[in-house]
Every structure is written in C-alpha cells, then in structure tokens.
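Chemist: just the structure for this:
(2 chains)
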Protein chains: 2
Amino acid sequence: MIWKVTLTYDGTDFYGWQIQKQGRTVQGEVLAALARMHKHEVTVHAAGRTDSGVHAYGQVIDFDSDIESIGPARLPVALNSYLPGDIRARSAREVDAEFHARYSARLRTYRYYWTVGEIVSPPEKRFCGLLTHHPSVERLNRLCRPIIGTHDFSTFTLPSETSENRVRTVAGATFFPLRGQLVFQISANAFLWRMVRSIAGTIIELDKIGAEPVEVEQRLAAQDHAAAGPSAPSCGLFLHHVAYADEYM
Amino acid sequence: MIWKVTLTYDGTDFYGWQIQKQGRTVQGEVLAALARMHKHEVTVHAAGRTDSGVHAYGQVIDFDSDIESIGPARLPVALNSYLPGDIRARSAREVDAEFHARYSARLRTYRYYWTVGEIVSPPEKRFCGLLTHHPSVERLNRLCRPIIGTHDFSTFTLPSETSENRVRTVAGATFFPLRGQLVFQISANAFLWRMVRSIAGTIIELDKIGAEPVEVEQRLAAQDHAAAGPSAPSCGLFLHHVAYADEYM
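Modeler: Below you'll find the model as predicted:
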C-alpha cells in the first residue's frame, strides 16, 4: 500500500532534505528509519527539497509499504520509534498508486518567522530571524502585492538554479503578527531555489527604508539576482503545508 | 560598579551552570565572555546552580565591573556580543556592594513544561517533557497542597545532596495550562538538588493512577527518596524567576 505521511522536522542539524554522500540529511534519516522498519530498502519522494537549516512543519512524503498489519493511526507511532527526535511523523493516510508527493502537489506554503526586538531568546534561536527595526505590517503587505501572480522570478533565485524556466505562480503572500513574532506566509505552485528567503529578505529591507511597491516591481522586472536584497537566514524558514487534490487531503 | 544581570539560556548543550574541569558549562561561557569584555578575569555569582540540561528564563548573576562608560541598556548588548547564542543577557541594573545573586535571593521560581499528546514536535523537543495520559489539572493542584509550606524534603532529593538540612519552605506550587502545554510552577526560598524534577515527576505519576493528596503527605513524611516517583526529565525544567528585596528588583 502507498502511504502519504506528513513530517515535521527541526532542520538545524541537517544538510537539508536531499541525501548526500556526506553529512546528515532528512532524507537519509527517513530512508534509514524506513529500511529498519521494513527490513529492506524503501523508496521515498518528498513534496519539497528543503535547504540546509530549513525546517518543516508539513513536509509530505510518500512510500510503498509491504507491512500489512498497520493502520493510519499506528503508522506514525511505528515510524517515530525509528526516527531521530528532530524528525517526527505527524499523520499518515493511504493513497492510490497515482499519488506522488512531489508531482501531485498543487500548492506549497512556506512561512518565515522573525522575532522583533533586541535579542533572540535561546528557545527561539533555532527557529526565527531577528528584526531590530520596528516593521510596518501594513507597508510589508503593500510590498507583497507585486509578487503575487505569474512572473519570472529570476531576481529571487541564484544563478545556479538548475531549472531553465523561472516562471512560477504565487497564489498568496502576506505578513501577519503571530504570538509575538512576525510571520511571512507565501504560497505557490512551486518555488525556485532560495526564492522564499530572497523575497522575504528583500521585502524586509525595502520596509526598513520605507520603499513603495513600485520598487518591488522594478526589482522583479530586472530578472537578475543582483537586484535582490540580502536573503533572510535559513533558520526562520518552515515548509508549512502542501496541498493536493481533495481526494488526497 | 556591581551589576545584576538576568540571563536566559538553552541548557541542552551544557553540563549545567557550575564550571567543571571538563565539559561546556554556562558559568564557563559567562566567565569567558566577561574576561574577553574586561580584558581580565571577573568573578561571577549565580542565583541557582541549574543542573545539566536545565534551562533558565530568569537566572540572575552578579559581577563587579571596572568598565565605566556603559549604562544598563548597553551592558546586555555588549555582553551578548561575547556570549554564545544559547545564552542571552536579558537585562541589567546596577546594585550596591551588599547584593549577592545567591545569598540575597528571597524566592526562586521554577517552571516545568509538558506537551500533552502523542508526539513532541521538533521545535518543542529541547524544552518540554511529554505526557501521554490526559492529566486532571484539578487533581494535580490538589496533589500539590501537601507540598506547600515548610517541610523536610528528603524524599524529593538524592541521598548525595550535600546540604545536611533538608528543610525548605515552598511558598507556592501550582499546575496550569499555557499555550497548549501543561506547566508546573513552584516557588521556594531555596531548593534541594533535583527537588523540582522529583516533585514534578511524583505528582504526575500520582495523577496518572488517580491518587489523593494523602498519598503525597505519606511520601513526604517518609523522608526517604525511595518514596519518590521517577524524576521528570531535565529538558522540561526552567529556572523562571528569582526575587530579591524590592530595592534590587
């Protein structure tokens, strides 16, 4: 049977999702856990290849399992007994063979969290950026507007991005306060490499200097990474949610 | 001038407060930071000697500084530039030479945090215990009552506690829900080694079996650690606040 499993992880101590020859990766730990659970190797696909240091609240994976005596309530418990504590399976459901965590994904949502103030307290340190200026949430949301829609996002990725086509569709981008922090939430069909951190860092920089939305339009139109501001650090970024067709939710 | 500084730290990667010959300690890092800042060694006292893995939200330290051109707003910023990210100075104020972070302390408050449910999510993992049973906050608070007051707390410390006198005065002990977690808050003039973790773990165990307060009374009266339940793990414990005479607050 094919399982769709939602994972949450603390990306701090990983070299990102994708398995590498050297260094601890989320995919490497998940493959090792699945292999111990199944007593043979298992293939896994993920909705998003999160970068080094980036976290997930709602990463989605799929894998084919030949363990028959296990239901959707028990599967995360079993998998968690093999996973390290910085990766947890939150939930599981059976899906049909058409499902692919990456190719079936309709909308990916990332969140970036900042603490506003003088210091980042140690419990927050692994999970947020720091803003030392007092942001205007109203201006930040105005600066988001030119980002929304279908655009060539070459400005907000690195020249080494392997995808030739840099056109993506951003369905929503918004800033809001949450439990004393500032959150940037952005949803798109897919993202280019570093795209969320580059957009987040650029908009924050433009807020700091009191820029208007036309500035974002011009930088986007440049289609050149030299027009972007500094990227926000990886520690504040979470892959928050991945949406699929209704039958898979 | 004598400074009173409030520190917050993530105790996960420390062998506790107290400096040791080997292993990373909070005191060791603070002394190293103060020495670099002052360009000579500086003596430091702390309100509480937190154990290995125990955190602080409001640890209080004092030290004598010969840096004259610095005020209370700037001192934490300067000190933080020398401290590692898992220790932050929150605030500072000048005090007179009578002040001693440990001996002037009137009331120490610790908090223990638990997540209630099936899994501890990775961002919480370093900072809470896990309760897999559904606790009764009302019963937990009834079980706290026999703890409050002046008692010999030998039951709730280890035989290796160096203090001969195991009588302490607990001013308050209460359980309450906070942001989806369960919190145990306990205040006393001073605590014995492991006392908070032992009381917290014992009361949780007694709640699980539906025990009545008389059970806590009997265990306390035993004055023997064999009568205690399992200690709660260090990761959920925070030195929350230390109170002094009004002139030092």
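Chemist: I'd like to know how many residues surround the closest residue to A:Arg179 other than its chain neighbours.
Modeler: Distances taken as CB to CB, 6 or more residues apart in numbering or on different chains put B:Arg179 closest to A:Arg179, at 7.6 Å, once the chain neighbours are dropped. In short, each C-beta sits where N, CA and C put it, glycine included. B:Arg179 is flanked by 7 other residues according to other CB atoms under 10 Å in any protein chain shown.
Chemist: for A:Lys208, same thing?
Modeler: A:Lys208, neighbours per other CB under 10 Å, totals 16.
Chemist: I'd say it and A:Thr132 touch.
Modeler: No - counting by CB atoms under 8 Å, A:Lys208 does not reach A:Thr132; the two are 9.4 Å apart.
Chemist: domain ranges for chain A?
Modeler: A:2-104, A:107-242 (automatic domain parsing).
Chemist: just how off-centre is the shortest one within its chain?
Modeler: For domain A:2-104, the gap between its own C-alpha mean and the chain's C-alpha mean amounts to 15 Å (CA atoms, centre = their mean, to the nearest Å).
Chemist: and what of the last one?
Modeler: In this view, domain A:107-242 has its centroid 12 Å away from the chain centroid, taken as CA atoms, centre = their mean.
Chemist: which SS class is the residue of chain A most remote from its centre?
Modeler: Distance from the C-alpha centroid of chain A, by CA atoms, centre = their mean, peaks at A:Ser69 (32.7 Å). When classified by DSSP: H, G, I helix; E, B strand; the rest coil, A:Ser69 comes out as coil.
Chemist: local confidence estimate at it?
Modeler: Listed pLDDT for A:Ser69 reads 88.
Chemist: what segments of chain A are helices?
Modeler: A:26-38, A:74-80, A:137-144, A:195-208, A:213-222 (DSSP state H).
Chemist: show me what the third one is packed against.
Modeler: Same thing as helix A:137-144. strand A:167-178, helix A:195-208, helix A:213-222 (3 or more CB pairs under 8 Å, 6 or more residues apart in numbering or on different chains; DSSP states H and E).
Chemist: out of these, deepest packed?
Modeler: helix A:195-208 (a mean of 23; mean count of other CB atoms under 10 Å in any protein chain shown).
Chemist: I'd like to know which elements it is packed against.
Modeler: Counting by 3+ CB pairs under 8 Å, 6+ apart, helix A:195-208 packs on strand A:107-116, helix A:137-144, strand A:181-188, helix A:213-222, strand A:237-243.
Chemist: quick check: angle from the third one to helix A:137-144?
Modeler: It stands for strand A:181-188. Strand A:181-188 and helix A:137-144 meet at an angle of 20 degrees, taking axes from the mean of the first three to the mean of the last three CA atoms, to 10 degrees as the criterion.
Chemist: returning to what we had before: how far away is the residue nearest to A:Arg179 from B:Ser121?
Modeler: 13 Å (CB to CB, to the nearest Å).
Chemist: just A:Gly58 next, same as before
Modeler: In terms of CB to CB, A:Gly58 sits 11 Å off from B:Ser121.
Chemist: quick check: neighbours shared by these two?
Modeler: A:8, A:90 (CB atoms under 8 Å, 6 or more residues apart in numbering or on different chains).
Chemist: and these two? which has more neighbours close in?
Modeler: Remark: of A:Gly58 and B:Ser121, A:Gly58 carries more neighbours, 20 against 15, as counted by other CB under 10 Å.
Chemist: surely the more buried one touches A:Ala243?
Modeler: No - using CB under 8 Å, A:Gly58 is not in contact with A:Ala243; the gap is 9.6 Å.
Chemist: mutual contacts of those two, please.
Modeler: A:Thr109.
Chemist: shaky segments in chain A?
Modeler: For chain A, no stretch has pLDDT under 70.
Chemist: hmm, try it at 90
Modeler: A:68-69, A:118, A:159-163, A:179-180, A:249 (pLDDT under 90).
Chemist: what parts of it come near chain B?
Modeler: Contact residues, chain A versus chain B (CB under 8 Å from any CB of the partner chain): A:8-10, A:55, A:57, A:76-77, A:80, A:85-90, A:118-123, A:125-127, A:179.
Chemist: dump the helices of chain A into TSV; add distance to A:Met249 as well.
Modeler: Below are these laid out as TSV (distance: least, CB to CB, whole Å):
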stretch	distance to A:Met249
helix A:26-38	22
helix A:74-80	17
helix A:137-144	26
helix A:195-208	23
helix A:213-222	32
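Chemist: I appreciate the help and will end here.
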